[in-house]
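K.L.:
Turn this into a structure:
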Amino acid sequence: MTLFENTERAFIHKSKSELYKTYLLFTIFSYPLFVRISGQLIVFLLKIGFPIKGLLKRTVFEQFCAGQQEKDSIKVVESLYNFKVKSYMHYASEGQKTSEGMEESLKKILETIKLSQNNEALPFTVFKSTALGPARLFEKQTEGVALSAEEQLEWEQALARINRCCDYAQELNVRLLIDAEESWLQGAIDQIALTLMKKYNQGAQPLIYTTMQMYRNDRLPYLKMLIDEAKSANFQIGIKLVRGAYLEKENQRAIERGYPSPLCPTKEATDENFNQGLYLILNHLDHCELFLGSHSEDSTQRLVDWMKTHQIPANSPRIWFSQLYGMADFLSFNLADLGYQVVKYVPYGPLKEVIPYLIRRAEENSAVQGQSPRELTLIKRELKRRREVKADGSL
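P.N.:
As a prediction, this is how the structure comes out:
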């Protein structure tokens, strides 16, 4: 049995009925074409007002989101913490198009920062930049297109919202993750994140963390540059290392607009890029803190092995493991039980606001080779184990 195959530990938090529902969902996710068509259909049906919200709420929403309200999410956070799994909450709104929506997102982010203050179960919080400013302006800034006077005012308002989040996080001593987004927006986000890290990460521990999507073929050189900058200017960098969440969207846009895909050409190339980034960070822990956002058993095992080889304690404050709520519990709960620092990404929000997030989660499980089958195999094994224990009269 490998480190992550203890199914009793992996699913200790789930009832039999919850396991059966999860098994059904991951079975559906193992059919990529069905998932892709279903996602498009869901968006259409919601747009015309077809009554499917109840079905969505009882299925994908309950699997991947903690609740519609903050109070519901806190219950989930407390439940996870009972099993040594920490959390970071996210009001899963993105791509806001109105100033009212952006102000509401700001309010929710500030609330989650406040909730995280002095709370061991909530060591981080997170935001998406496009929840606080218009995506079109992030795109223009990334492309170097000049803004009009009106757009410049909007941009300054977006930056003010982002800085307000960081000021509040610093005031309450809550670490803040900046999520990565699409490549045509990310250049502006990278510049903002670098500026913020230089400003806020002057202490021994970083406050602001940027996110690296290593399926992009330019991220390894960028990561090297970032580390060199941190050493030269003497500040800390927090790195959330992920593979990437917009694969189909990135490739489709590249085809439609006739430019080379910004992504690695194969999954193997992405894995190699990811692993090189992982070891690069580990070899510079004097200036970096690692937040490994991965559902890959191989990548997780690599990090565990490196820590053991270098005699880094499991509870090192500079190395964190993270998985999404509703996914890869076989990693999260086994790691936490062994004393590693584990943090679940716990999104919440009104159903209509989190639909883009839910569709991405379903597509991710379909697109990542081996993801759903691995989950299914272990859930099936745990259901069998429980039946055998019950038959023995021990349950």
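
K.L.:
who's in contact with stretch 216-232?
P.N.:
Contacts with stretch 216-232, where a contact means CB atoms under 8 Å, 6 or more residues apart in numbering, come from 183, 190, 194, 197, 210, 212-214, 236-237, 239, 244, 262-264, 269, 273, 276-277, 280-281, 284, 287-288. All C-beta atoms are positioned from the backbone trio N, CA, C, and that covers glycine.

K.L.:
now do stretch 375-382
P.N.:
The contact list for stretch 375-382 (CB under 8 Å, 6+ apart) reads 5, 7-8, 10-11, 19, 22-23, 26-27, 30, 327-328, 330, 365.

K.L.:
Kindly export it (C-alpha atoms) in PDB.
P.N.:
Presented in PDB, the C-alpha positions along stretch 375-382 are these (Å, rounded to 0.1, in the frame of the first residue of the first chain):
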ATOM      1  CA  GLU A 375     -10.900   8.700  -7.400                       C
ATOM      2  CA  LEU A 376     -13.300   6.000  -8.500                       C
ATOM      3  CA  THR A 377     -11.000   3.100  -7.700                       C
ATOM      4  CA  LEU A 378     -10.300   4.300  -4.100                       C
ATOM      5  CA  ILE A 379     -14.000   5.200  -3.400                       C
ATOM      6  CA  LYS A 380     -15.000   1.700  -4.600                       C
ATOM      7  CA  ARG A 381     -12.300   0.100  -2.400                       C
ATOM      8  CA  GLU A 382     -13.500   2.100   0.600                       C
END
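
K.L.:
In it, which residues are buried?
P.N.:
Buried residues in stretch 375-382, counting neighbours by 16 or more other CB atoms under 10 Å, are found at 375-376, 378-379, 381-382.

K.L.:
Please apply the same query to stretch 162-177.
P.N.:
162-163, 165-166, 168-170, 174-177.

K.L.:
Kindly report the same for stretch 177-188.
P.N.:
Quick answer for stretch 177-188 (16+ other CB under 10 Å): 177-186, 188.

K.L.:
what's the most distant pair in these?
P.N.:
Leu177 and Trp184 (21.1 Å; CB to CB).

K.L.:
which secondary structure elements does the stretch of helix or strand Glu150 belongs to contact?
P.N.:
Secondary-structure element containing Glu150, defined by DSSP states H and E: helix 149-172. The contact analysis (3 or more CB pairs under 8 Å, 6 or more residues apart in numbering; DSSP states H and E) places helix 149-172 against helix 99-116, strand 124-127, helix 135-143, strand 175-178, helix 183-200.

K.L.:
Adding distance to Gly67 and mean pLDDT as columns, could you present those in JSON lines?
P.N.:
Shown next, in JSON lines, are the helices and strands packed on helix 149-172 (distance: least, CB to CB, whole Å; pLDDT from 0 to 100):
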{"stretch": "helix 99-116", "distance to Gly67": "13", "mean pLDDT": "93"}
{"stretch": "strand 124-127", "distance to Gly67": "16", "mean pLDDT": "95"}
{"stretch": "helix 135-143", "distance to Gly67": "26", "mean pLDDT": "97"}
{"stretch": "strand 175-178", "distance to Gly67": "20", "mean pLDDT": "97"}
{"stretch": "helix 183-200", "distance to Gly67": "28", "mean pLDDT": "98"}
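
K.L.:
And these: which comes nearest Gly39?
P.N.:
helix 135-143 (19.7 Å).

K.L.:
Point to the helix or strand of this protein where mean pLDDT is at its lowest.
P.N.:
Least confident helix or strand of the chain, by mean pLDDT, DSSP states H and E, is helix 351-367 with a mean of 71.

K.L.:
Tell me the helix or strand right after it.
P.N.:
Past helix 351-367, the next helix or strand by DSSP H and E is helix 371-391.

K.L.:
got any ranges where this protein has weak pLDDT?
P.N.:
1, 93-95, 363-372, 393-395 (pLDDT under 70).

K.L.:
Next up, the contacts around Asn201.
P.N.:
Asn201 neighbours (CB under 8 Å, 6+ apart): 207-208, 235-238.

K.L.:
That one - nearest residue in space that isn't next to it in sequence?
P.N.:
Nearest residue to Asn201 in three dimensions, chain neighbours excluded: Gln236, at 4.2 Å (CB to CB, 6 or more residues apart in numbering).

K.L.:
re earlier: can you lay out the helices and strands packed on helix 149-172 as CSV showing distance to Ser322?
P.N.:
Formatted as CSV, those follow (distance: least, CB to CB, whole Å):
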stretch, distance to Ser322
helix 99-116, 15
strand 124-127, 9
helix 135-143, 24
strand 175-178, 9
helix 183-200, 18
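
K.L.:
Which of the ones you listed sits closest to Ile255?
P.N.:
Using CB to CB, the nearest of these to Ile255 is helix 183-200, at 13.9 Å.

K.L.:
And the contacts of that closest one?
P.N.:
With CB under 8 Å, 6+ apart as the criterion, helix 183-200 contacts 129-130, 135, 137-139, 141-143, 159, 162-163, 166, 169-170, 178, 180-181, 206-208, 210, 213, 216, 222, 226, 229-230, 233, 235-238, 246, 250, 253, 262.

K.L.:
Just the element for Lys240, please.
P.N.:
strand 237-242.

K.L.:
Give me the angle between the next helix or strand after that strand and helix 351-367.
P.N.:
Where DSSP H and E defines the elements, the next helix or strand beyond strand 237-242 is helix 247-257. Orientation check (axes from the mean of the first three to the mean of the last three CA atoms, to 10 degrees): helix 247-257 against helix 351-367 gives 90 degrees.

K.L.:
which of the contacts of stretch 216-232 count as buried?
P.N.:
Of those, these count as buried by 16+ other CB under 10 Å: 183, 190, 194, 197, 210, 212-214, 236-237, 239, 244, 262-264, 273, 277, 280-281, 284, 287-288.
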